[in-house]
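**Student:** predicted model and sequence below, questions to follow.
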Amino acid sequence: MTEEQAAVLALTRATAGPWHHTARVVEARGSALRLARGDLGGLGEHDRAHAARVCARLRPGDLGRAEALIAACPAALVTVLDDGYPGNLACAHNLQPFLWVRGRLGTGDHRSVAVTGDAPGARAAARALAAAGLTVVCDAPRTAGAAATAGGRAIVVGPDDGQPTAVVAVSPFWPGTAATARTRAVTGLVTSGLAAALYVTGDGDGERAAMALSQGKHVFAAPGLPWTPRLAYRGGVTVVAGIDELARQAVNLVDVTRLTTVF
């Protein structure tokens, strides 16, 4: 499996542009090693063209360097070819080719809600969702910590800074990656992608909500956000009056959601 994982990393490293197309091509082919060796059988025309461009950028030694990276990294690697790849994210159109995981993703983590930011309202929501028995997926360590102090499971997404953490840490980036505008965008899509639903509290969260909707996620929103009428017309958005209502509706939602693949 390490060779297949290394091939996923090598193909991703050779990808110019967003990585999710490479993830889909690897998933469709069923083997990153075969792709890396130029075996594009079974791919459609668009995927075949993308795979050919990526493979043309591979250089001698790329697989060996990827294997060395896997051996040196303290986090566990999960790729789109692995059984342990999270089902909620696998169902998103912009799934990422790999995740580095510190801690362990659980079989019940498909019952999860993502919470954006670390404002007091976000931390209160995280505590309530955790107390209701849901896994909380966050892009802010303090919000993840709030869920953990409430006795629940929490996952924090973002570049791995190597610091000790009491929650599960997931990074879709290369080890040592610094936070940038790009990493914030990818962190956002992975945070919502890992969850069954997203809760947003801020005026500036409209783009995050739109991304979650494009991934097929339900969006819960605090009252009074200016962008909710613009997004809610097409469905998939519920304005909740308070934290108690959020927890109640979130539990109802995730318990009727049926995914073909789960954590």
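**Tutor:** Looks like it came in fine.
**Student:** I'd like the next helix or strand past the helix or strand of the chain with the lowest mean pLDDT.
**Tutor:** Among the helices and strands of the chain, helix 228-232 carries the lowest confidence by mean pLDDT, DSSP states H and E, at a mean of 83. Using DSSP states H and E, the next helix or strand after helix 228-232 towards the C-terminus is strand 237-239.
**Student:** wait, S112 sits on T135?
**Tutor:** Yes. Using Cβ atoms under 8 Å, S112 is in contact with T135, at 3.8 Å. Using the backbone N, CA and C atoms, a C-beta is placed for each residue, glycine as well.
**Student:** quick one on the thing from earlier: kindly format the C-alpha coordinates of the least confident helix or strand of the chain as PDB.
**Tutor:** Extracted in PDB, the C-alpha atoms of helix 228-232 (Å, rounded to 0.1, in the frame of the first residue of the first chain):
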ATOM      1  CA  THR A 228     -28.900  33.800   3.600                       C
ATOM      2  CA  PRO A 229     -31.800  35.000   1.300                       C
ATOM      3  CA  ARG A 230     -29.500  34.800  -1.700                       C
ATOM      4  CA  LEU A 231     -28.400  31.200  -1.000                       C
ATOM      5  CA  ALA A 232     -31.500  29.800   0.600                       C
END
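**Student:** what helices and strands are in contact with it?
**Tutor:** Applying 3 or more Cβ pairs under 8 Å, 6 or more residues apart in numbering; DSSP states H and E, one finds that helix 228-232 makes contact with helix 206-214, strand 237-239.
**Student:** can we see that at 10 Å?
**Tutor:** helix 206-214, strand 218-221, strand 237-239 (3 or more Cβ pairs under 10 Å, 6 or more residues apart in numbering; DSSP states H and E).
**Student:** now the first one - C-alpha only, CSV.
**Tutor:** In this case it means helix 206-214. Below are the C-alpha coordinates for helix 206-214, written out as CSV (Å, rounded to 0.1, in the frame of the first residue of the first chain):
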residue,chain,number,x,y,z
GLY,A,206,-21.4,33.3,2.5
GLU,A,207,-18.6,31.8,0.3
ARG,A,208,-18.1,29.0,2.8
ALA,A,209,-21.8,28.3,2.8
ALA,A,210,-21.9,28.3,-1.0
MET,A,211,-19.0,25.9,-1.1
ALA,A,212,-20.7,23.5,1.3
LEU,A,213,-23.9,23.6,-0.7
SER,A,214,-21.9,22.7,-3.9
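**Student:** just give the nearest non-adjacent residue to D62, would you?
**Tutor:** Leaving aside its chain neighbours, D62 sits nearest to A10 (4.1 Å; criterion: Cβ to Cβ, 6 or more residues apart in numbering).
**Student:** just checking, Y85 touches L99?
**Tutor:** Yes. Judged on Cβ atoms under 10 Å, Y85 makes contact with L99 at a distance of 7.5 Å.
**Student:** neighbour-wise, which of the two wins?
**Tutor:** L99 (25 against 21; other Cβ atoms under 10 Å).
**Student:** what about the helices in the stretch 1-150 of the chain?
**Tutor:** 2-13, 20-29, 32-36, 45-56, 62-72, 87-90, 120-131, 141-149 (DSSP state H, counting those that start in this stretch).
**Student:** tabulate these (a markdown table), appending mean pLDDT, mean neighbour count and distance to Q249.
**Tutor:** Shown next, in a markdown table, are the helices of the stretch 1-150 of the chain (pLDDT from 0 to 100; neighbours: other Cβ atoms under 10 Å; distance: least, Cβ to Cβ, whole Å):
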| stretch | mean pLDDT | mean neighbour count | distance to Q249 |
| --- | --- | --- | --- |
| helix 2-13 | 97 | 22 | 37 |
| helix 20-29 | 97 | 21 | 29 |
| helix 32-36 | 97 | 23 | 40 |
| helix 45-56 | 97 | 15 | 38 |
| helix 62-72 | 97 | 15 | 41 |
| helix 87-90 | 96 | 22 | 18 |
| helix 120-131 | 96 | 22 | 11 |
| helix 141-149 | 95 | 22 | 18 |
